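Undergrad: Got a sequence here, can you model it:
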Amino acid sequence: MRNLLTFLIIVSAAVILIIFAGTPKAQQQGTVTANVLVSCPFSINLNLLSAYVKTANTITGSYVVRTLSTCNITTMQGYFNITFQSNGVLAYSNQITANNLGQSANTFALSFGTSNLINTTYIGTVSFTHNFFTNSSTKTFQILNPANVVINNLSVSSSSVTTGSPLTFTVGIKNTGQLSASNIIVNLTITGPSSFNTIFAYPSQNLLAGSGETLTTTLTNVTSTAGTYNVVVSAAYYSNITQSDLLQYSVTQPSSGRSPSSGGGGGAPPPPPSGNTTGIGISTIPLSVSTVAGQGLTTQLGVVSKSTVPEVVQISIGDGFTSLLTLSSNEINLPAGGLASVSAVFQAPTNTLPGTYVIPITFTVRTTDGALITQFTDYLSFTVYGTVNGLQILQETYLSGGLTESSSVIQITNYGNSTVRNVTLTTTLPLLVAQNVSQITAYGLPNNITVGPGKYIITWRVGSIPPRQVVYGYYSIKKVQSVSLLSYAQSTFAVPTLAPTSSLLKVISISAPTFYTNATNLINITTFYSGTSAQPIDFYLTGPQVVDVANPTQIINAYPNQLLTTSFAVATDNFTGTALFTLYISTSGQTLNYSIPVLILSGQTLAQATNSTVTKQISNRLNMATYALEAVGVLTLAFITAVTINRLRRRPPRYDIERARSLARLKSKIINHD
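TA: Below you'll find the predicted structure:
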């Protein structure tokens with residue numbers, strides 16, 4: 001037994017020596033060699049406009065790529081795709097590249113044609129994959145038809161008038177494009193025995209897409225000569241000009257009231273009346289004007305000659321009111337039967353107290369040699385309003401229809417920096433100005449006309465007025481009962497409410513994972529914009545001096561109900577600990593700020609994306625543990641083998657009775673033989 005155990009121990013030691021002798025040199029030295037593919041992370045920012053005009057043959061943009069660590073990328077391939085926002089169907093795809101990338105931003109140009117794009121909303125996506133790292137950037141944009149101003153109506157108050165009669169021309173214009181139009185010029189051209197040309201006054205600053213306007217003007221100098229006249233109106237918006245259909249009217253001489261000569265047609269005409277007709281009439285004058293202190297309003301004062309000889313008209317403003325009203329000229333040389341006007345600028349100095357000022361305007365008519373013909377004074381009501389939450393009112397009232405009808409324009413301007421909502425404006429008119437409420441018509445803004453104690457009340461309601469925007473309301477009165485009472489019309493604001501800040505911007509998430517030293521990390525911001533109009537959103541991120549924000553300022557053009565995603569690349573140095581960042585988000589009407597604490601841990605610099613060799617040193621302690629486990633395994637196996645053999649040797653033999661009897665007989669014979 002002892003010899004057997006000795007033998008087993010010698011065999012186990014030999015096995016252990018064989019195992020260690022067979023270990024490769026690389027393993028004995030403690031190194032492991034492997035090929036590992038490590039990626040170089042990068043960021044992408046796609047730059048596209050929020051809208052492009054369909055008429056442009058080629059649309060341009062760009063994308064900016066930079067690595068987020070101290071690694072470089074020689075080249076990588078990607079794709080630029082355009083999909084329909086409505087259903088995600090691919091509309092355009094093209095392969096793109098990005099070369100020589102490092103931590104500095106590299107900008108690459110994009111261009112694509114519009115021939116296969118329709119007027120709708122698209123999503124543009126730029127995506128790249130380098131080894132196993134993929135990143136992309138998306139932008140939403142629209143393809144729109146340009147503004148297109150057309151004339152959809154032209155009419156004249158009468159197709160046949162007598163000489164000297166006024167004519168009112170009405171023109172309807174509409175913007176059939178998808179973008180708003182500004183600086184529209186509507187021109188009226190009349191040809192015939194005499195030629196005339198005038199430009200319509202266009203009150204709106206912008207004609208919104210799909211909206212229309214109706215313009216009117218009344219002229220008396222276009223009927224001075226008998227004959228047939230042709231009228232054409234053109235609307236010009238930059239280089240786009242459209243014309244109306246041809247319209248005609250005729251002018252005839254008034255009847256003399258005398259019977260024809262009984263002697264036939266050869267009689268001489270009646271002699272002209274003796275003497276000359278003199279005097280003037282007021283063709284254009286605002287009955288009342290309103291503005292706010294510090295704001296001006298320009299209108300016209302027009303006169304028409306009723307004389308058969310030239311006249312000189314002198315206009316003077318009452319003492320004490322010259323600071324409120326300024327004329328472009330105080331004297332008009334008026335030809336016989338002619339029409340002329342001067343510009344009148346109403347300007348209330350900033351220190352003017354709110355209230356109504358009745359301004360006397362005196363007209364003195366003289367012959368060309370200075371002889372006095374007539375003199376009369378007219379009165380104009382000038383109301384100065386205060387400002388409520390940045391809102392200001394401008395109002396003008398004119399008489400027409402032989403002083404029996406009035407037309408008024410109310411302009412509401414938001415000069416503040418915030419959207420004003422739930423605006424209520426109340427216009428009050430004296431009860432004796434009209435026969436009944438049915439004679440008053442209001443339009444342009446949602447309104448309601450009621451009758452109160454001694455007055456008519458027009459209540460205007462405006463849902464919202466964005467910053468630096470203007471809205472208009474109009475009202476007219478038929479069969480004016482008292483012209484003088486029109487000057488007592490007043491418009492006042494009910495206190496509006498500012499748009500709640502929470503309704504514009506809401507931060508959905510701020511993702512700031514753990515940062516590592518000597519690396520570039522990302523802070524991702526997701527924001528929801530719920531404003532009612534498109535406007536830019538400013539994002540600004542600041543941090544401590546131990547970090548560097550590569551793109552601290554970002555501006556995104558946001559559309560209503562749009563989800564915005566913004567990423568800031570932050571480079572760290574050897575600092576470890578907590579860094580406090582501050583995020584500012586601002587737009588017109590709201591500013592948000594957030595504090596973002598970020599934990600910075602010690603880390604290794606990301607390796608360049610390449611096939612590299614990684615060497616791992618195996619510690620002596622790990623080697624000893626491995627060898628000990630192998631030795632224990634061999635000894636355990638040897639022990640089990642020795643125990644098994646020993647038990648087999650000591651087991652008694654199997655008993656056989658016949659063999660035992662045979663041996664007993666053999667033993668007996670041996671004994672007897674002896």
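
Undergrad: now the end-to-end length of stretch 96-107.
TA: End-to-end span of stretch 96-107 (C-alpha to C-alpha, to the nearest Å): 13 Å.

Undergrad: Please disregard the earlier target; I meant stretch 392-408.
TA: Stretch 392-408: ends 16 Å apart by C-alpha to C-alpha.

Undergrad: which residues sit against it?
TA: For stretch 392-408, contacts defined as C-beta atoms under 8 Å, 6 or more residues apart in numbering pick out 218, 284-292, 295, 297, 299, 383, 385, 409-413, 415, 425, 474-480, 483, 486, 489, 491, 493. In short, each C-beta sits where N, CA and C put it, glycine included.

Undergrad: Tell me how far it lies from the chain's centre.
TA: Relative to its chain's centre, stretch 392-408 lies at 36 Å (C-alpha atoms, centre = their mean, to the nearest Å).

Undergrad: now stretch 215-234
TA: In terms of C-alpha atoms, centre = their mean, the centre of stretch 215-234 is found 43 Å from the chain centre.

Undergrad: Find the nearest non-adjacent residue to R468, please.
TA: The shortest distance from R468 to any non-neighbouring residue, by C-beta to C-beta, 6 or more residues apart in numbering, is to N414 (6.7 Å).

Undergrad: Checking my notes, V171 in a strand, right?
TA: Yes. Read with DSSP: H, G, I helix; E, B strand; the rest coil, V171 is one of the residues of a strand.

Undergrad: That one - how many residues pack around it?
TA: 23 (other C-beta atoms under 10 Å).

Undergrad: That one is in contact with N153, isn't it?
TA: Yes. Using C-beta atoms under 8 Å, V171 is in contact with N153, at 6.7 Å.

Undergrad: Overlap in contacts, those two.
TA: Residues touching both V171 and N153 (C-beta under 8 Å, 6+ apart) are T214.

Undergrad: pLDDT score assigned to the closest residue to P335 other than its chain neighbours?
TA: Of all residues not flanking P335 in the chain, P310 sits nearest, at 5.3 Å (C-beta to C-beta, 6+ apart). According to the prediction, P310 has pLDDT 88.

Undergrad: P310 against G337, yeah?
TA: No. In this structure, P310 is not within contact of G337 by C-beta under 8 Å, at 9.8 Å.

Undergrad: more neighbours, the two?
TA: Using other C-beta under 10 Å as the criterion, P310 and G337 rank with G337 on top: 18 against 14.

Undergrad: what secondary structure does that one sit in?
TA: At G337 the chain is in coil, as set by three-state DSSP.

Undergrad: and the nearest residue to it once chain neighbours are set aside, what are its bridge partners?
TA: Spatial nearest neighbour of G337, chain neighbours left out: S305 (5.3 Å); criterion: C-beta to C-beta, 6+ apart. For S305, the beta-bridge partners are I280 (DSSP bridges).

Undergrad: any idea how far S329 is from S305?
TA: 16 Å (C-beta to C-beta, to the nearest Å).

Undergrad: neighbour count winner among those two?
TA: S305 (26 against 13).

Undergrad: quick one: contacts for R665?
TA: Contacts for R665 (C-beta under 8 Å, 6+ apart) come out as none.

Undergrad: Check the gap between it and T216 for me.
TA: Distance, R665 to T216, using C-beta to C-beta: 155 Å.

Undergrad: Run through the residues that contact the most centrally placed residue in the chain.
TA: With the centre of the chain defined as its mean C-alpha position, the nearest residue by C-alpha atoms, centre = their mean is A534, 2.1 Å away. With contacts defined as C-beta under 8 Å, 6+ apart, the neighbours of A534 are S50, N557, A558, Y559, P560.

Undergrad: of those, closest to G454?
TA: Closest approach between these and G454, by C-beta to C-beta: P560, at 44.6 Å.

Undergrad: The closest one - how many residues pack around it?
TA: Count around P560 with other C-beta under 10 Å applied: 11.

Undergrad: got the contact list for it?
TA: Applying C-beta under 8 Å, 6+ apart, we find P560 in contact with Y529, S530, G531, T532, S533, A534.

Undergrad: Just the buried ones out of those, please.
TA: Y529, G531 (16 or more other C-beta atoms under 10 Å).

Undergrad: Save the contacts of P560 as TSV, and put in pLDDT and distance to G603 too.
TA: Shown next, in TSV, are those (pLDDT from 0 to 100; distance: C-beta to C-beta, whole Å):
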residue	pLDDT	distance to G603
Y529	83	36
S530	80	39
G531	75	41
T532	70	46
S533	72	45
A534	75	42
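
Undergrad: Out of the contacts of P560, list just those in helices.
TA: Among these, no member is found in helices (DSSP state H).

Undergrad: what pairs with N197 across the strands?
TA: T189.

Undergrad: show me the contacts for it.
TA: Contacts of N197 by C-beta under 8 Å, 6+ apart are N187, L188, T189, I190.

Undergrad: Farthest-apart pair in those residues, please.
TA: Maximum distance among the contacts of N197 (C-beta to C-beta): 10.8 Å, for N187 and I190.

Undergrad: Hmm, L324 is touching I359, no?
TA: Yes. Between L324 and I359 a contact is recorded at 6.4 Å, counting by C-beta under 8 Å.

Undergrad: Which parts of this structure are helices?
TA: Assigned by DSSP H, the helices in the chain fall at 2-21, 25-29, 620-649, 657-673.

Undergrad: which stretch in those has the least confidence?
TA: Among the helices of the chain, helix 25-29 scores lowest, with a mean of 45.

Undergrad: Any regions of the stretch 251-400 of the chain where pLDDT drops low?
TA: Counting by pLDDT under 70, the stretch 251-400 of the chain has low-confidence residues at 254-278, 283-288, 320, 353-358, 379, 385-390, 399-400.

Undergrad: and if we set it to 90?
TA: 251-311, 316-330, 332-400 (pLDDT under 90).

Undergrad: cool, and the stretch 401-550 of the chain?
TA: Flagging of the stretch 401-550 of the chain using pLDDT under 90 yields the residue ranges 401-438, 442-448, 451-455, 459-522, 526-550.

Undergrad: give me that answer again for 70
TA: For the stretch 401-550 of the chain, the stretches with pLDDT under 70 are 401-403, 484, 487, 494-503.

Undergrad: so the residue nearest to G337 touches E311, yeah?
TA: Yes. Counting by C-beta under 8 Å, S305 does reach E311; the two are 6.3 Å apart.

Undergrad: who touches both of these two?
TA: By C-beta under 8 Å, 6+ apart, S305 and E311 have these common neighbours: I280, L334, A336.

Undergrad: Make JSON lines from the residues you listed and add neighbour count and distance to W460 to it.
TA: Output for the shared contacts of S305 and E311, formatted as JSON lines (neighbours: other C-beta atoms under 10 Å; distance: C-beta to C-beta, whole Å):
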{"residue": "I280", "neighbour count": "21", "distance to W460": "37"}
{"residue": "L334", "neighbour count": "21", "distance to W460": "40"}
{"residue": "A336", "neighbour count": "14", "distance to W460": "45"}
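
Undergrad: Pick the one among these closest to Q142.
TA: Proximity of the shared contacts of S305 and E311 to Q142 (C-beta to C-beta) peaks at L334, which lies at 54.3 Å.

Undergrad: how close does that closest one sit to V313?
TA: Relative to V313, L334 is positioned 5 Å away (criterion: C-beta to C-beta).
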